[in-house]
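> Give me the fold of what follows.
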Amino acid sequence: MVKAEIVDILAEQSGLTKLETKTIVEGVISTISEALLKGERVDLRGFGNFSVKIRKSKVARNPNTGEEVIVPQRAVPVFKPSKHFIQAVDQENQKRN
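Residues are numbered from 1 along each chain as shown. Next up is the predicted model:
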């Protein structure tokens, strides 16, 4: 599913125009992104949380040459689904199989 499909579904369910709905969806995404850029955690109860994790620097190997390469420390956004959401996805998956 892509953002346009989400906008279509939400517009149909809410009665708002697609333009209004697109503005809201982009606003939610922008708000989450800005919070993560500030290092804040975003909790969406029943769905999961977004946070920033610091990956330590490490020594890796170039698979073509075998040469050691230093991978610097970096910050990455991560999503951790809630237990409720994990259970719901698992139940739906079991129904399909």
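
> SS state for residue 46?
coil (DSSP: H, G, I helix; E, B strand; the rest coil).

> Secondary structure element holding the residue lying closest to it once chain neighbours are set aside?
Nearest residue to residue 46 in three dimensions, chain neighbours excluded: residue 84, at 5.4 Å (Cβ to Cβ, 6 or more residues apart in numbering). In short, each C-beta sits where N, CA and C put it, glycine included. Assigned by DSSP states H and E, residue 84 belongs to helix 83-96.

> Also residue 78?
strand 74-81.

> what angle do that strand and helix 83-96 make?
Relative orientation of strand 74-81 versus helix 83-96 (axes from the mean of the first three to the mean of the last three Cα atoms, to 10 degrees): 60 degrees.

> Point out the other helices and strands that strand 74-81 packs with.
strand 48-55 (3 or more Cβ pairs under 8 Å, 6 or more residues apart in numbering; DSSP states H and E).

> Show me what the following helix or strand past the strand it packs on pairs with in its sheet, parallel or antiparallel.
Counting by DSSP H and E, the next helix or strand C-terminal to strand 48-55 is strand 58-61. Strand 58-61 has the following sheet partners, assigned by DSSP bridges: strand 68-71 (antiparallel).

> Show me what the most centrally placed residue in the chain bridges to in the sheet.
Geometric centre of the chain, nearest residue: residue 79, 5.2 Å, by Cα atoms, centre = their mean. In this structure, residue 79 bridges to residue 50 when assessed by DSSP bridges.

> Could I get the pLDDT score of residue 51?
If you check residue 51, the pLDDT there is 98.

> pretty sure it is touching residue 75, no?
No - taking contacts as Cβ atoms under 8 Å, residue 51 lies outside contact range of residue 75: 10.3 Å.

> list the contacts for residue 66?
For residue 66, no residue meets the contact criterion (Cβ atoms under 8 Å, 6 or more residues apart in numbering).

> Figure out the helix or strand that it lives in.
Counting by DSSP H and E, residue 66 is found in no helix or strand.

> Mind giving me the packing neighbours of the helix ranked longest in the chain?
Scanning the chain for the longest helix, with DSSP state H as the assignment, gives helix 18-37. For helix 18-37, the packing partners by 3+ Cβ pairs under 8 Å, 6+ apart come out as helix 3-14, strand 42-44, strand 48-55.
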